[in-house]
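Peer 1: Give the three-dimensional model of this entry:
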Amino acid sequence: MNDEELRTRLVERLTGSGHLLTEPWREAVSAVPRHEFLRGGFFREVDGSTPTAWTPVMPDDPRWPAACYDDVSLVTQVAGTVVPGDVRGEILRAPTSSSTMPGLVVRMLEDLQVDAGHRVLEIGTGTGYSTALMCHRLGDDAVTSVEVDEDVSTRARAALGHCGFAPDLIVGDGLAGYKDGAPYDRVIATCGLLTVPRELIEQTRPGGTMLVTLCGWLYSSELARLTVHEDGTASGRFLGGQISFMLARPHLPPPLGLLPDLDEGDERPAAFGADVLDDWNTRFVAQLAAPRAQYVTLTREGRAEHLFLDVGTGAWAVLREHDGRWTVRQDGPSRIWDAVEAHVARWRGAGAPPLEEFEITLTSEQPTITWPGR
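Peer 2: Numbering: from 1, shown residues only. Below you'll find the predicted structure:
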């Protein structure tokens, strides 16, 4: 199957899944060859590896052409600098850049509600595939894309040029936007954000739209569409779908460091256990109460312990389960699990409304997020 046939199959798949809705974006996906943005290869997860190991898949691999058009995200960099061509065999490092699954790319472009004549700022160029789709739809002069990693940006520039596109590509901190090109009609971030930088709001024209993925260090995240107002505030709602992106590098959590003595602090019965976080919506609500808490599972004396630790303040909570009952022990300047229980209880008391009904207001970088009945 040649690349044109693979693109046609991808369009059919994304249309059938409900991600690709309008003809202009169908034309873009039909026209832009995703494989050109993966010429450097990608990493494939090694089945059954714990911790996760990655092995490179290069263009000379017979699996490469079709895989470029699968509706999956493909890791293109690990450990901040390592690309597939650097590795022989396997590597045990965390992913730091990827080509987002096409279904999510086009879903976000549809949700951005972009139209001819709009100027777009993209935060996170990555491979450049989504940048190319926007260039096809809007024209090169209408697209500005910012990438923090110079090497990633250089590879994207080469791929875009090979496909005949020449948008304004900036190497820098995307969280600062690019004021020289402002104001923008649309801003889209292809990375997870803890907060929404004021610079991005200020660089969006009043009435313009921002599409961002809001998350925390419990790693529950949601796509939000926000409208910027004349007074410099912004508001909107979540769009649903359990969207997940790598966090923007400045928003990554700090190292856990030396763990606290988990036998200190005050212990009490817990209203519910750490297993409630298995539900995505509950985890997101819990995260609103403790956005800077990190969650790790430990094993001590043959028993699982669920630790929530705010490195910045030193507050922590550890939950343990025995015979179906949960206890929590907490210490530090605040009580993390008290806050989580209270927040989840209020949400459940309001009927546990879905995240799409939550309202988001931005008067500063930190969003205020509420739900009906709160």
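Peer 1: Check the offset of stretch 21-37 from the chain's centre.
Peer 2: 22 Å (C-alpha atoms, centre = their mean, to the nearest Å).
Peer 1: what is the rounded mean pLDDT of that stretch?
Peer 2: Here stretch 21-37 scores 97 as its mean pLDDT.
Peer 1: Now do the buried residues in it.
Peer 2: Within stretch 21-37, the residues that count as buried by 16 or more other C-beta atoms under 10 Å are 25, 26, 28, 29, 32, 33, 34, 35, 36, 37. All C-beta spots, glycine's among them, are computed from the backbone N, C-alpha and C.
Peer 1: Just the terminal-to-terminal distance for it.
Peer 2: 23 Å (C-alpha to C-alpha, to the nearest Å).
Peer 1: Give me the distance between the helix or strand bottoming out on mean pLDDT in the chain and the centre of its chain.
Peer 2: The helix or strand of the chain with the poorest confidence is strand 95-99; it has a mean of 90 (mean pLDDT, DSSP states H and E). Centre-to-centre, strand 95-99 and its host chain are 11 Å apart (C-alpha atoms, centre = their mean).
Peer 1: which residues touch it?
Peer 2: For strand 95-99, the external contacting residues (C-beta atoms under 8 Å, 6 or more residues apart in numbering) are 34, 37-38, 42-43, 54, 73-80, 126-127, 129, 149, 152, 246, 249.
Peer 1: Helices along the stretch 251-374 of the chain, start to end?
Peer 2: Assigned by DSSP state H, counting those that start in this stretch, the helices in the stretch 251-374 of the chain fall at 280-289, 336-349.
Peer 1: Nearest to residue 265 among those helices would be which one?
Peer 2: helix 336-349 (10.7 Å; C-beta to C-beta).
Peer 1: Summarise which helices and strands the closest one is packed against.
Peer 2: In terms of contacts (3 or more C-beta pairs under 8 Å, 6 or more residues apart in numbering; DSSP states H and E), helix 336-349 is packed against helix 280-289, strand 303-309, strand 316-322, strand 325-331.
Peer 1: from the chain's centre, how far out does the first one sit?
Peer 2: Helix 280-289 has its average C-alpha position 16 Å from the chain's average C-alpha position, going by C-alpha atoms, centre = their mean.
Peer 1: okay, now residue 361: neighbour count?
Peer 2: Neighbours of residue 361 under the rule other C-beta atoms under 10 Å: 14.
Peer 1: where's it relative to residue 52, distance?
Peer 2: In this structure, residue 361 and residue 52 are 38 Å apart, going by C-beta to C-beta, to the nearest Å.
Peer 1: quick one on the thing from earlier: can you say which of the helices of the stretch 251-374 of the chain is packed in most?
Peer 2: Of all the helices of the stretch 251-374 of the chain, helix 280-289 carries the top mean neighbour count, a mean of 21, counting by mean count of other C-beta atoms under 10 Å.
Peer 1: Now do that one and helix 336-349, the angle between them.
Peer 2: 130 degrees (axes from the mean of the first three to the mean of the last three C-alpha atoms, to 10 degrees).
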